[in-house]
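**Student:** from the sequence below, what's the structure:
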Amino acid sequence: MMNFLVKTIANAGALLVAIWLLQDITLTGDSTGKKAWTLILVALIFGLVNFLVKPVLKLLTLPLFILTLGLITLVINALMLLLTSWLADELDLNFHVEGFWTAVLGGLIISVVSWALNVVLPEKD
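**Tutor:** A predicted model of the protein is given here:
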């Protein structure tokens, strides 16, 4: 349970950095508390999408993974971010990613920041 909480906090932090750096990834709300709550919910959705959909997509794109020497991972990360944005919109959460190339750059930022936060944060069960 602690590992799940740490990963959710890392996802929320990584999403926050991407929102801060890219103007086409937006998180809106009436108050700071509402924005924080929305960010936590979006981080949960993002974690769930990465847990359920990403492995299937990676398996289906294995030949492309080999052909591109792993660069297809950037596209897969962008698709996961766009899917998270769509799901957040369906759940009336104020999180939106505008465009594919923004999602590619956002996915890259989220991957790097999430990796760094997972290195720093403790990993207990």
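**Student:** any buried residues in stretch 22-31, and which?
**Tutor:** Neighbour-count burial for stretch 22-31 flags L22, I25, L27 (criterion: 16 or more other CB atoms under 10 Å). C-betas here are computed from N, CA, C, even on glycine.
**Student:** could I get these as CSV with pLDDT?
**Tutor:** Formatted as CSV, the buried residues of stretch 22-31 follow (pLDDT from 0 to 100):
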residue, pLDDT
L22, 93
I25, 93
L27, 91
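**Student:** ok, of those, which one's closest to V49?
**Tutor:** Nearest to V49 among the buried residues of stretch 22-31 is I25, at 15.5 Å by CB to CB.
**Student:** contacts only, for the closest one.
**Tutor:** I25 makes contacts with A18, I19, H96, V97, E98, T102, G106, as judged by CB atoms under 8 Å, 6 or more residues apart in numbering.
**Student:** in terms of helix, strand or coil, where does the last one fall?
**Tutor:** Reduced to three states with DSSP: H, G, I helix; E, B strand; the rest coil, the structure at G106 is helix.
**Student:** how about it, what does it touch?
**Tutor:** A18, L22, I25, A78, L81, V97.
**Student:** mind doing that once more with 10 Å?
**Tutor:** 14-15, 17-19, 21-22, 24-25, 77-78, 81-82, 85, 97-99 (CB atoms under 10 Å, 6 or more residues apart in numbering).
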